[in-house]
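1. My questions concern the predicted model and sequence given below.
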Amino acid sequence: PALAFLLLLLVAIGRVRRVEPLKEQLNSLPTRLPPAMLGILLRGRLSSRDLAATFINLAERGHIVIRQLTREDYRFRRQAGKDNLLDFEATLLDQIFGPEGERASSEEVTFSLAQEVFSKRVSESFILAYKKMNDLGYFYTNPLKLHRRYQVAGLILFLLGLIGFLANILFFDDVRYSLLFWLAMMASSLLVFFFSKGLPMRTVYGDRELARWLSFRRYLVSHELVNFAAQSQEQYLSYLPYAIVLEVEADWTRRFYDLPFAQPAWYVASNISTIDQFANSVFPLFGYLSHALSLSSQPISR
């Protein structure tokens with residue numbers, strides 16, 4: 001039981017560790033870190049929100065077109081992009097759409113719940129994203145491997161606690177109060193298993209990088225109005241995936257409410273003429289991907 005409590009304490013200390021943003025506010029992207037990798041840096045793991053941000057980022061860069069038919073039906077079509085893809089982005093698109101050139105440019109895929117799109121297909125690109133973050137020196141060890149170690153340890157300790165609980169009942173009937181220790185051990189082990197998946201072990205370099213992004217987050221949530229300019233909508237769309245990862249997409253969108261808005265070419269939906277209509281149309285994509293991702297048969301992709 002003492003070992004389980006110690007492990008839980010280590011997880012708790014790791015999760016409550018906070019990084020303070022820089023004193024100055026950054027008005028532009030601190031680095032060229034992709035949204036998915038920012039999600040790993042921020043939370044120590046990839047989430048469905050980061051996946052949605054990645055799709056919007058790839059669409060904004062011209063690699064896919066998103067078409068919404070209904071609130072719960074999105075279609076995706078691959079096309080030639082405006083820049084080069086990172087390895088995990090290329091793997092993600094290849095696994096979902098097939099290698100570029102093998103599919104007709106007009107062919108669409110839908111992430112219907114009947115398909116296992118979020119099993120091996122997404123998990124392979126996730127593994128590459130974790131490896132890329134580890135290679136950049138932002139973490140002491142690969143976050144994915146770290147989470148696995150803690151979860152395996154939590155599972156083993158839970159089984160030992162269960163064995164101890166049953167042995168206490170069968171062979172040490174006169175020491176009933178010790179059952180509380182075994183119950184506490186099992187409870188601690190379960191907490192380690194569930195909470196370790198969001199455990200970041202960033203290096204000093206990783207903390208500094210995160211501090212810059214948190215300063216950029218201040219700019220996204222600022223109440224200062226955005227002045228109208230020819231590139232204002234382009235700025236909104238290019239920063240939107242990062243606002244999604246940082247969970248401030250509503251605040252970022254609100255800063256553009258009074259400005260003219262034209263539906264981007266990469267997002268096809270009906271009745272969109274203002275930015276709030278665009279937001280109300282595209283933001284349900286998070287829930288859509290989250291639900292599909294939760295049905296994955298591969299634990300790694302969750």
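-> Cool, the structure landed. Numbering: from 1, shown residues only.
2. Please count neighbours and contacts with C-alpha atoms only from this point.
-> Noted.
3. Now do the phi/psi pair for the residue nearest to the spatial centre of the chain.
-> The chain has residue 47 as the residue nearest its centroid, 2.8 Å off, counting by C-alpha atoms, centre = their mean. Note on residue 47: backbone dihedrals following degrees, to the nearest 10 are phi -130, psi 170.
4. can you tell me how far it sits from residue 177?
-> Counting by C-alpha to C-alpha, to the nearest Å, the gap from residue 47 to residue 177 is 42 Å.
5. Could you do residue 7 as well?
-> From residue 7 across to residue 177, the span is 23 Å (C-alpha to C-alpha).
6. Settle it for me: which of these two has more neighbours?
-> Neighbour count, other C-alpha atoms under 10 Å: between residue 7 and residue 177, residue 7 has more, with 21 against 10.
7. So for stretch 28-43, what gets flagged as buried?
-> By neighbour count on 16 or more other C-alpha atoms under 10 Å, the buried set for stretch 28-43 is 34, 35, 36, 37, 38, 39, 40, 41, 42, 43.
8. so the fifth one is in which element?
-> Element membership of residue 38 [criterion: DSSP states H and E] is helix 35-43.
9. Return the alpha-carbon coordinates of the helix or strand following that helix using CSV.
-> Counting by DSSP H and E, the next helix or strand C-terminal to helix 35-43 is helix 48-60. Only the C-alpha atoms of helix 48-60 are listed here, as CSV (Å, rounded to 0.1, in the frame of the first residue of the first chain):
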residue,chain,number,x,y,z
SER,A,48,-9.8,14.6,-30.0
ARG,A,49,-9.6,18.4,-29.7
ASP,A,50,-6.0,18.3,-31.0
LEU,A,51,-7.1,15.9,-33.8
ALA,A,52,-9.8,18.3,-34.9
ALA,A,53,-7.4,21.2,-34.8
THR,A,54,-5.0,19.2,-37.0
PHE,A,55,-7.7,18.6,-39.6
ILE,A,56,-8.6,22.3,-39.6
ASN,A,57,-4.9,23.2,-39.8
LEU,A,58,-4.4,20.8,-42.8
ALA,A,59,-7.5,22.2,-44.5
GLU,A,60,-6.3,25.8,-44.0
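10. And the contacts of helix 48-60?
-> Helix 48-60 is touched from outside by 34-36, 39, 64-66, 237-238, 240-242, 244-245, 266-267, 285-286, 289-290, 293, with contacts defined as C-alpha atoms under 8 Å, 6 or more residues apart in numbering.
11. Check what contacts the helix or strand following that helix and list those residues.
-> Per DSSP H and E, helix 48-60 leads on to strand 64-70 as the next helix or strand towards the C-terminus. Strand 64-70 has contacts (C-alpha under 8 Å, 6+ apart) with 55, 58-59, 74-81, 265-269, 281.
12. Check stretch 276-286 too.
-> 48-49, 52, 68, 71-72, 74, 253, 257, 263, 269, 271-272.
13. Kindly recompute the last result at 7 Å.
-> By C-alpha atoms under 7 Å, 6 or more residues apart in numbering, the residues outside stretch 276-286 that reach it are 48, 49, 52, 71, 257, 272.
14. got the CA coordinates for it in CSV?
-> The C-alpha trace of stretch 276-286 is given here as CSV (Å, rounded to 0.1, in the frame of the first residue of the first chain):
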residue,chain,number,x,y,z
ASP,A,276,-20.5,33.1,-35.9
GLN,A,277,-22.4,30.9,-38.4
PHE,A,278,-19.0,29.5,-39.5
ALA,A,279,-18.1,28.8,-35.8
ASN,A,280,-21.5,27.2,-35.1
SER,A,281,-20.9,25.0,-38.1
VAL,A,282,-17.3,23.9,-37.6
PHE,A,283,-17.1,23.7,-33.8
PRO,A,284,-19.3,20.6,-33.5
LEU,A,285,-16.5,18.8,-35.3
PHE,A,286,-14.8,18.4,-32.0
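15. pLDDT of that stretch, averaged?
-> The average pLDDT for stretch 276-286 rounds to 83.
16. what do you get for stretch 143-154?
-> 83.
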